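**Q** okay, here's the prediction I keep looking at, along with the sequence it came from:
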Amino acid sequence: MAPKDKAPLFTDDSNPDLEEFHEMIAERAYRKAEKRGFEPGHEMDDWLEAEREISNQYRYLSQA
């Protein structure tokens, strides 16, 4: 069960399934690395930041 202060991430058919969600994160993390010139050592940070951004995007949409 999701905490009371956060909406569930996947609430209806308009949200991506887990595979699509993973793909969206990978794509956003890639773009972050690309902007930095693929400087090594930031892979985990890029992934976690992208995951947080995508998650927040769908939480926001599910509350609208």
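**A** Received, thanks.
**Q** check which helix or strand residue 19 maps to.
**A** Element membership of residue 19, judged by DSSP states H and E, is helix 18-35.
**Q** and that helix, what's buried?
**A** Neighbour counts over helix 18-35 (16 or more other CB atoms under 10 Å) mark 21, 24-25, 28-29, 32-33 as buried. No exception for glycine: its C-beta is placed from N, CA and C like everyone else's.
**Q** closest one of those residues to residue 51?
**A** Within the buried residues of helix 18-35, the smallest distance to residue 51 is 5.0 Å, found for residue 25 (CB to CB).
**Q** measure that closest one to residue 16 for me?
**A** To residue 16, residue 25 is 10 Å away according to CB to CB, to the nearest Å.
**Q** tell me the angle the strand or helix carrying residue 53 makes with helix 18-35.
**A** Using DSSP H and E, residue 53 maps to helix 43-63. Counting by axes from the mean of the first three to the mean of the last three CA atoms, to 10 degrees, helix 43-63 lies at 130 degrees to helix 18-35.
**Q** elements contacting helix 43-63?
**A** Contact partners of helix 43-63 among helices and strands, from 3 or more CB pairs under 8 Å, 6 or more residues apart in numbering; DSSP states H and E: helix 18-35.
**Q** got a list of contacts for the helix it packs on?
**A** Applying CB atoms under 8 Å, 6 or more residues apart in numbering, the contact partners of helix 18-35 are 10, 16, 39, 42-43, 46-47, 49-51, 53-54.
**Q** what's the farthest-apart pair in these?
**A** 10 and 39 (33.2 Å).
**Q** these two: who's more crowded?
**A** residue 10 (13 against 8; other CB atoms under 10 Å).
**Q** can you pull the pLDDT of that one?
**A** At residue 10, the pLDDT value in this model is 53.
**Q** got it, and residue 26?
**A** According to the predicted model, the pLDDT of residue 26 comes to 98.
**Q** from residue 18, how far out is it?
**A** 13 Å.
**Q** lowest-pLDDT helix or strand in the protein?
**A** Ranking every helix and strand in the chain by mean pLDDT, DSSP states H and E puts helix 43-63 at the bottom, with a mean of 90.
**Q** list the buried residues in it.
**A** Buried-residue list, helix 43-63, by 16+ other CB under 10 Å: 46-47, 50-51, 54, 58.
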